[in-house]
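Student: Sequence first, then the predicted structure:
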Amino acid sequence: MLKIIISLFTTVIMLFGNLFGLTGYKGTSHDDYRNYKNVILMIADGDGANTIAATKKLKNTTLAMDNMPVKCESETRSLTNEVTDSAAGGTALATGIRTYNGAIGVYLFAPLGNFYNVPKNLCELAIENGKSAGVVTTDKTSGATPATFSAHSVERGYEKDISKDQMRSKLDLIWGAESESVTAEYCEKQGFKYITTQDEMETLEAGTRSFGQFSFSDFANVDNSKGTPYIADMTEKAIELLSTDEDGFFLMVEGAQVDKFSHSNNMEGAANQLVEFSKAVQAALDFAKEDGDTLVVVTADHETGGITYNAETDEYYYTKTGHTGVNVPCYVSAEDAGFVSGEAYKNCEISVQIAKVMGFDGWNFPAMRLKNDFWFINIG
């Protein structure tokens, strides 16, 4: 009985979610947009405006995001805290709903017994409508951000549950660093080809579903000495494979290591990682320009390190080792996708607008479904 009451309560709240700030659905607020066949969402974990500025100064370089025509912001908070973690931040970007810190694609009341109702994420939305979908990361595949686009869990630390969810998913590809519970045997049982090297990745053919388990230390050190692909390599290959789908695709690419270096206040390391992420962004933009029917959105789940600029010394420096609640940049590759330069959007609004761009309105997304089932209810 308690589960039924909680389920009904959650449904009622979600139906009026806009009043509570739970969802990113804003009705007719973004009517001036065109539909795109493909969408690539790129998330630089822990990135902020000053992270970008510090990187450009330290490396004396420009970044691919500089040339994107729409430059707006994302308001990065969870439902329960002004400072989000990657789990709640990723859930907002993946599902269009805000939730508690630590949550992987579940509602606020999931720990109280409502775990059988989960919000649909953008990958599930794409697959449900005949599109291909993939997740690429330089974190472990069970890491918080990739997990929010490919699994559902009441706690980000439940690696075994998250990995099992991912291996049972219908995604076309999930590539990242190795996670403890991911095995070649179980991946292959679920229809995935298990790969561990760049050579194996490069030989993949369209129509072959794949689960990549690469070297975490290579990702962290920006080193492919063990045959590990760079994030730009993974992005290019993922696009090559997914773009063969005539109905289109959705791809999420995460540069996870910016956050990890910023937690230890390592500016050099964070800058190196952001430069590599920028190369992946450029690969996506090059495809979008050639294709003509692909939208690229670049943002972050939160800022890490509280990077601040000292005008007297002309230096950027860290003020924290944790996350902050400042707005983060959001870049969009086209001016006809409903995003406006200078505007600040809730993180959950970004995913809802992406769904609209793919052709799905508030009756399709945000939405809830039964976990491990195909029964959907609109909550827009």
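Tutor: Here it is on my side, so go on.
Student: Doesn't Glu290 lie inside a helix?
Tutor: Yes. Using DSSP: H, G, I helix; E, B strand; the rest coil, the secondary structure at Glu290 is a helix.
Student: Give me the below-cutoff pLDDT ranges for this protein.
Tutor: 1-31, 113-116, 370-380 (pLDDT under 70).
Student: which residues in the stretch 151-300 of the chain form strands?
Tutor: Remark: strands assigned in the stretch 151-300 of the chain by DSSP state E, counting those that start in this stretch are 173-177, 193-195, 210-214, 249-255, 294-299.
Student: For Gly306, give me phi and psi.
Tutor: Dihedral pair for Gly306: phi 60, psi 50, per degrees, to the nearest 10.
Student: make that Pro229, sorry
Tutor: Dihedral angles for Pro229 - degrees, to the nearest 10 - are phi -70, psi 150.
Student: my read: it touches Ala238, true?
Tutor: No. Using C-beta atoms under 8 Å, Pro229 makes no contact with Ala238, being 10.2 Å away. (C-beta placed from N, C-alpha, C; glycine too.)
Student: between these two, which one's more packed in?
Tutor: Neighbours per residue, other C-beta atoms under 10 Å: of Pro229 and Ala238, the larger number sits with Ala238, 29 against 26.
Student: Spit out the contact partners of the closest residue to Gln198 other than its chain neighbours.
Tutor: Leaving aside its sequence neighbours, Gln198 sits nearest to Pro229 (C-beta to C-beta, 6 or more residues apart in numbering; 4.1 Å). Pro229 makes contacts with 198, 201, 214, 237, as judged by C-beta atoms under 8 Å, 6 or more residues apart in numbering.
Student: Name the member of the residues you listed that has the highest neighbour count.
Tutor: Ranking those using other C-beta under 10 Å puts Phe214 first, with 27 neighbours.
Student: Spatially nearest residue to it, not counting backbone neighbours?
Tutor: Using C-beta to C-beta, 6+ apart, the closest residue to Phe214 is Thr228 (4.6 Å).
Student: SS state for Glu82?
Tutor: coil.
Student: Double-check it against Thr324; I have them as touching.
Tutor: No. Counting by C-beta under 8 Å, Glu82 does not reach Thr324; the two are 9.5 Å apart.
Student: Who has more neighbours out of those two?
Tutor: Thr324 (20 against 10).
Student: Surely that one touches Thr304?
Tutor: Yes. Counting by C-beta under 8 Å, Thr324 does reach Thr304; the two are 7.3 Å apart.
Student: what sits in contact with each of the two?
Tutor: By C-beta under 8 Å, 6+ apart, Thr324 and Thr304 have these common neighbours: Gly48.
Student: In JSON lines, list the strands of the stretch 151-300 of the chain along with distance to Ala49.
Tutor: Compiled in JSON lines, the strands of the stretch 151-300 of the chain are given as follows (distance: least, C-beta to C-beta, whole Å):
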{"stretch": "strand 173-177", "distance to Ala49": "26"}
{"stretch": "strand 193-195", "distance to Ala49": "36"}
{"stretch": "strand 210-214", "distance to Ala49": "30"}
{"stretch": "strand 249-255", "distance to Ala49": "16"}
{"stretch": "strand 294-299", "distance to Ala49": "12"}
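Student: Can you say which of those strands is packed in most?
Tutor: Sort these by mean neighbour count, taking mean count of other C-beta atoms under 10 Å, and strand 249-255 sits at the top with a mean of 29.
Student: what helices or strands is that one leaning on?
Tutor: The contact analysis (3 or more C-beta pairs under 8 Å, 6 or more residues apart in numbering; DSSP states H and E) places strand 249-255 against strand 38-44, helix 122-128, strand 132-140, helix 144-148, helix 231-242, helix 267-291.
Student: what does the second one rub up against?
Tutor: Helix 122-128 is touched from outside by 39, 41, 94-95, 120, 132-135, 149-150, 169-171, 248-250, 252, 351, 354-355, 358, 360, 364-365, 367, 369, 374, 376, with contacts defined as C-beta under 8 Å, 6+ apart.
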